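Asker: Provide a 3D model corresponding to the input given below.
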Amino acid sequence: MKRVIAALASILLTFGLTAPAPALADNHTEQSSASLIAAGERWKQLYEAGDWDALRGLYTDDAVLMSQGQTKLEGADTILAFLQRLSQQGADVTFQFAQEEAVIESGLGFVTAKYRMDVTFPGSEPVAVAGRSLLIYKWLDGDWKLWRDIDNFASDVTPEDFETPGSQ
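Answerer: Residues are numbered from 1 along each chain as shown. A predicted model of the protein is given here:
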C-alpha cells in the first residue's frame with residue numbers, strides 16, 4: 001500500500017500550485033502573484049480535464065519533476081507521459097491546493113502550497129494523499145511556465161486538512 005500511495009503522490013506535479021485562484025478571465029499575462037496563482041489553477045483544470053496538449057504548454061521544455069519516492073523526471077514530454085498514467089488506467093484524479101506563499105523574483109515565480117490528491121479507480125474506494133509542494137515557474141513568452149516541481153509528504157499536512165464541516 002505504501003508503494004501505491006507513493007506512486008500516486010508522485011504525480012503531484014504542480015499540485016503545490018494554489019488555493020482557489022482568481023478567475024481565469026483575470027489577466028494571467030502579467031508578472032504578478034495573482035497570475036502565478038492562476039497558472040496553478042490552469043494546471044489543475046487541464047489535468048482534471050485530461051487536456052494533455054494544453055497541459056504540455058504550461059511547461060518549459062527542460063522542466064523537472066522531483067516527487068517523493070520517484071526517480072527524477074526530466075523534460076516536459078517525460079513528465080506528461082508520467083502524469084497520464086493514472087488516467088490511462090481509468091482513474092479519476094482530483095486535486096485541492098492551499099497556497100502558502102507566492103513570490104516573484106527576477107523572472108522566476110516560487111510557490112509553496114499544501115495539496116490533497118484524490119484518486120479513484122473504477123470499483124475501488126478513493127485514496128487520498130496529501131503533502132506540500134515547491135513549484136518554480138519561469139516567465140517565458142508572456143506567461144508562467146512550470147520549470148521545477150518538488151513535492152513530498154509532510155507530517156503537518158493531512159487529507160483531513162481539506163475537508164470542510166459536513167463534507168463527509
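
Asker: pLDDT score for Ser167?
Answerer: We have a pLDDT of 45 for Ser167.

Asker: do Glu30 as well
Answerer: In this model, Glu30 is scored at 75, pLDDT.

Asker: and it, how many neighbours does it have?
Answerer: Around Glu30 there are 11 other residues, counting by other C-beta atoms under 10 Å. Backbone N, C-alpha and C define where each C-beta goes, glycine included.

Asker: helix, strand, or coil at it?
Answerer: Under DSSP: H, G, I helix; E, B strand; the rest coil, the three-state class of Glu30 is coil.

Asker: same question, Ser124
Answerer: coil.

Asker: enumerate every residue touching it.
Answerer: Shown in contact with Ser124 (C-beta atoms under 8 Å, 6 or more residues apart in numbering): no residues.

Asker: for it, give its distance to Leu36.
Answerer: Between Ser124 and Leu36 the computed distance is 35 Å (C-beta to C-beta, to the nearest Å).

Asker: for the protein, what spans make up the helices?
Answerer: Using DSSP state H, the helices of the chain run over residues 2-9, 33-49, 52-56, 76-83, 85-88.

Asker: and the fourth one, what does it pack onto?
Answerer: Under the contact criterion of 3 or more C-beta pairs under 8 Å, 6 or more residues apart in numbering; DSSP states H and E, helix 76-83 touches helix 52-56, strand 59-67.

Asker: of these, which approaches Gly131 most closely?
Answerer: strand 59-67 (9.3 Å; C-beta to C-beta).
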